[in-house]
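**Q** Give me a model of this one.
(one chain, ligands or ions: 3)
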Amino acid sequence: MQTRYLKSFRVIISLFFLVVSTLIFIDFRNSFSEGFISSFLFLQFAPSVVKVLQVAGLSALGFLVILLLTMLFGRVYCSTICPLGIFQDVVSWLSVKLRRKKWPYRYAKPHTVLRYSLLGLTVVFMLFGSILILSLLDPYSNFGRFVTYFGKPVALGLNNWVAPMLVSGGVYTLYPVTLPAIRWEVMLFPLLMLVLVVWLSLKYGRLYCNTVCPVGTLLGYLSRFSLLQIYIDEQACSKCGRCDRVCKSSCMSFRDGSVDFSRCVACYNCLKICPDNAVKYSARHGRKISLIDKDYLPSPEKIDVTAKPAENPVVDDSKRSFILTSLLVFFGINRFARAGTDDIPEPEQDTTIPEKKNYPVSPPGSVSLKHFNSACTACTLCVGVCPTHVLQPSLLEYGVGGFLQPHMDFHAGFCNFDCTSCGEVCPTGAILPLSVDDKHVAQIGVVKFERENCVVYTDNTSCGACSEHCPTRACDMVPYIGELTIPEVDESTCIGCGACEYICPTRPYRAIYVDGNPIHKTAERPKTERVEQEVDYEDFPF
Ligand code: SF4
Ligand code: SF4
Ligand code: SF4
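**A** Ligands and ions are numbered 1, 2, ... in the order given. Now for the predicted structure:
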């Protein structure tokens, strides 16, 4: 193949990866199977590295494929597979088109100290068992958060806007969908990163990849030794400077014929643009590669990485307004997900005894808090596939080290008894796959009952919602006064699914709630058969 066609080849593959990655995170209709998602994400570098540290097996070896590709061709992961890298290319391309600036870049010195410091910090944290820095900087996980927090609500809003129009025209392909509100606090960091990434790519092409991204720095270091490398044939070069000006990594200096291949993201723009065919891509053996940076060109203006993001668009809870409500309806945000609970009593008074939760609840299959916190890069894929929206990004529920990692929020949903989706898609092994049978006894927490908060006790009225919705009968109703019955809980058969906590009508504190198991356990099998019922997730848990 003529090397000048490599760019077209690269663009086609990268668009495929970008579009499918985006659709996987946006997929609010569960169109992709868990098996497809898991296979497609096999090549994502950081999740694969983390997974291989947790579980042995072929499914965890995607990073070896990427290392091999890098040793052969350079950073093709960055140009064709990494969704954040391709996203930056799209932003840069749009900026070039809108500004009508044909030659936007020029050679710049590398930020060597910063990039290797961030990589070192990431590795040191991992050696001490913390994945925090990796999850904050990992390109795949950042991309996942961007799509989940900002792209998905927009896609969902468009869906909910178009669906009624189609329905009125007799087309029933689309239907309105709801999405639970995500706390605005957890959206701040992803918003800051989105602003930073977009700004850097608008002004400097792939500077994020060559300064901040630990994956880019590691692959960049290895690509210095790759078999094929890009170089300038000085005999053929007429010094027109075009390669220099289309290099989005600012790593090509036509004046002295050098290419800093550690920063080259294998976009192949230079191969295509050179009128003299002087940019080569071939085996480096026997050829001297200049990795020394010349400083005849001024370094780019100092980048203010502390730039403030746009003002957070999410309105504070205390200032809910008609506009917010309208927006939430547009976006289908499910703040009223407990609709359909007419037969549950409305408590006459607020509860006064706080819930005593000692541990957060991590998803079924996550083994223990320690395992989960050391393996989850907070990509939010599981948050997106969870059919009941019980998985929610955390703020400090797990402590600082678990920032943004999903936790089970039983005020937002409950864990469906038969569902195993999150474990099937998690690319890092933070949530391990469970069979449905194992899931039925995977005890992620245990139920606690606070009798003096229960409406049966406070209002002398019948309720029993918790017992009715418990899939293992760990919560049962026993005689109380006269005809009334009151809950009695059995921790041994409770699996901590949170159905009772979700449905319990008492506020602000639930009368029944789940305390997390720091190490997941196996519950005893239910003594009575569960009655299978149809589930309508939009209305009610079971
Ligand atoms: S647990 Fe969820 S957020 Fe964490 S890495 Fe796995 S899929 Fe991503
Ligand atoms: S197993 Fe539970 S937490 Fe995981 S996706 Fe299913 S319902 Fe959500
Ligand atoms: S604990 Fe059970 S019975 Fe008591 S108020 Fe909550 S749902 Fe109703």
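
**Q** care to break the protein down by domain?
**A** Domain assignment for the chain by the TED database gives 4-283, 369-522.

**Q** need those domains in a markdown table with mean pLDDT, can you?
**A** Listed next are the domains of the chain as a markdown table, based on pLDDT from 0 to 100:
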| stretch | mean pLDDT |
| --- | --- |
| domain 4-283 | 95 |
| domain 369-522 | 97 |
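
**Q** looking at those domains, which is closest to ligand 1?
**A** Closest of the domains of the chain to ligand 1 is domain 369-522, at 3.2 Å (criterion: CB to the nearest ligand atom). All C-beta spots, glycine's among them, are computed from the backbone N, C-alpha and C.

**Q** chain center to that closest one, what's the gap?
**A** 22 Å (CA atoms, centre = their mean, to the nearest Å).

**Q** circling back to that earlier point, which one of the domains of the chain has the most crowded surroundings?
**A** Most buried of the domains of the chain, by mean neighbour count (mean count of other CB atoms under 10 Å): domain 369-522, with a mean of 21.

**Q** wait, does that one contact ligand 2?
**A** Yes - for domain 369-522, a contact with ligand 2 is found by CB under 6 Å from any ligand atom, at 385, 386, 387, 388, 390, 391, 415, 416, 419, 420, 421, 422.

**Q** which ones among those are found in strands?
**A** Mapping the residues of domain 369-522 next to ligand 2 onto strands (DSSP state E) picks out residue 391.

**Q** and of the residues of domain 369-522 next to ligand 2, the nearest to residue 186?
**A** residue 391 (12.4 Å; CB to CB).

**Q** Can you tell me the SS state at the residue nearest to residue 357 when sequence neighbours are not counted?
**A** Excluding its sequence neighbours, the residue lying closest to residue 357 (CB to CB, 6 or more residues apart in numbering) is residue 515, at 5.0 Å. On the three-state scheme (DSSP: H, G, I helix; E, B strand; the rest coil), residue 515 is labelled strand.

**Q** Residue 515 bridge partners, please.
**A** residue 446 (DSSP bridges).

**Q** check contacts around it.
**A** Neighbouring residues of residue 515 by CB atoms under 8 Å, 6 or more residues apart in numbering: 356, 357, 358, 359, 361, 445, 446, 448.

**Q** Now render those as JSON lines, adding secondary structure and distance to ligand 3.
**A** As requested, these are exported to JSON lines (DSSP: H, G, I helix; E, B strand; the rest coil; distance: CB to the nearest ligand atom, whole Å):
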{"residue": "356", "secondary structure": "coil", "distance to ligand 3": "15"}
{"residue": "357", "secondary structure": "coil", "distance to ligand 3": "15"}
{"residue": "358", "secondary structure": "coil", "distance to ligand 3": "19"}
{"residue": "359", "secondary structure": "coil", "distance to ligand 3": "21"}
{"residue": "361", "secondary structure": "coil", "distance to ligand 3": "18"}
{"residue": "445", "secondary structure": "strand", "distance to ligand 3": "16"}
{"residue": "446", "secondary structure": "strand", "distance to ligand 3": "15"}
{"residue": "448", "secondary structure": "strand", "distance to ligand 3": "10"}
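
**Q** Next, give me the two most distant ones among those.
**A** Pairwise distances across the contacts of residue 515 (CB to CB) peak at 14.0 Å, for the pair 356 and 361.

**Q** Neighbour count: the two, which is higher?
**A** Shown here are residue 356 and residue 361; by other CB atoms under 10 Å, residue 361 has more neighbours (27 against 10).

**Q** Tell me the spacing between the more buried one and residue 498.
**A** Applying CB to CB, to the nearest Å, the value for residue 361 to residue 498 is 7 Å.

**Q** so what's in contact with the two at the same time?
**A** Common contact partners of residue 361 and residue 498 (CB under 8 Å, 6+ apart): 408, 410, 445, 514.

**Q** for those, which one is nearest ligand 2?
**A** residue 408 (6.3 Å).

**Q** Okay, and the beta partners of the closest one?
**A** Under the criterion used (DSSP bridges), residue 408 bridges to residue 391.

**Q** Tell me who's in contact with it.
**A** 360-363, 390-392, 415, 444-445, 496, 498, 514, 516 are the contacts of residue 408 under CB under 8 Å, 6+ apart.

**Q** which residue ends up closest to the midpoint of this structure in space?
**A** Residue closest to the average C-alpha location in the chain (CA atoms, centre = their mean): residue 379, at 2.1 Å.

**Q** Residue 147 is in contact with that one, correct?
**A** No - assessed by CB atoms under 8 Å, residue 379 is found out of contact with residue 147, at 9.8 Å.

**Q** circling back: quick one: contacts for the residue nearest to the centre of the chain?
**A** 47, 138, 140, 141, 144, 145, 427, 428.

**Q** at 10 Å what do you get?
**A** Residue 379 makes contact with 25, 41, 44, 46-47, 135, 138, 140-145, 147-148, 404-406, 425-428, 430, according to CB atoms under 10 Å, 6 or more residues apart in numbering.

**Q** gap between it and ligand 2?
**A** Using CB to the nearest ligand atom, to the nearest Å, residue 379 is found at 14 Å from ligand 2.

**Q** next one: residue 89
**A** Distance from residue 89 to ligand 2, by CB to the nearest ligand atom: 32 Å.

**Q** same question, residue 509
**A** Separation of residue 509 from ligand 2 (CB to the nearest ligand atom) stands at 23 Å.

**Q** Let me see the contact set for residue 362.
**A** Contact partners of residue 362, counting by CB under 10 Å, 6+ apart, are 368-373, 376, 391, 394, 397-398, 402, 405-408, 430-431, 444-445, 516-518, 520.

**Q** What parts of this protein come near ligand 2?
**A** Looking at ligand 2, the residues of the chain close enough under CB under 6 Å from any ligand atom are 363-364, 385-388, 390-391, 415-416, 419-422.

**Q** Considering only those, which also neighbour ligand 3?
**A** When CB under 6 Å from any ligand atom is applied, no member of those is adjacent to ligand 3.
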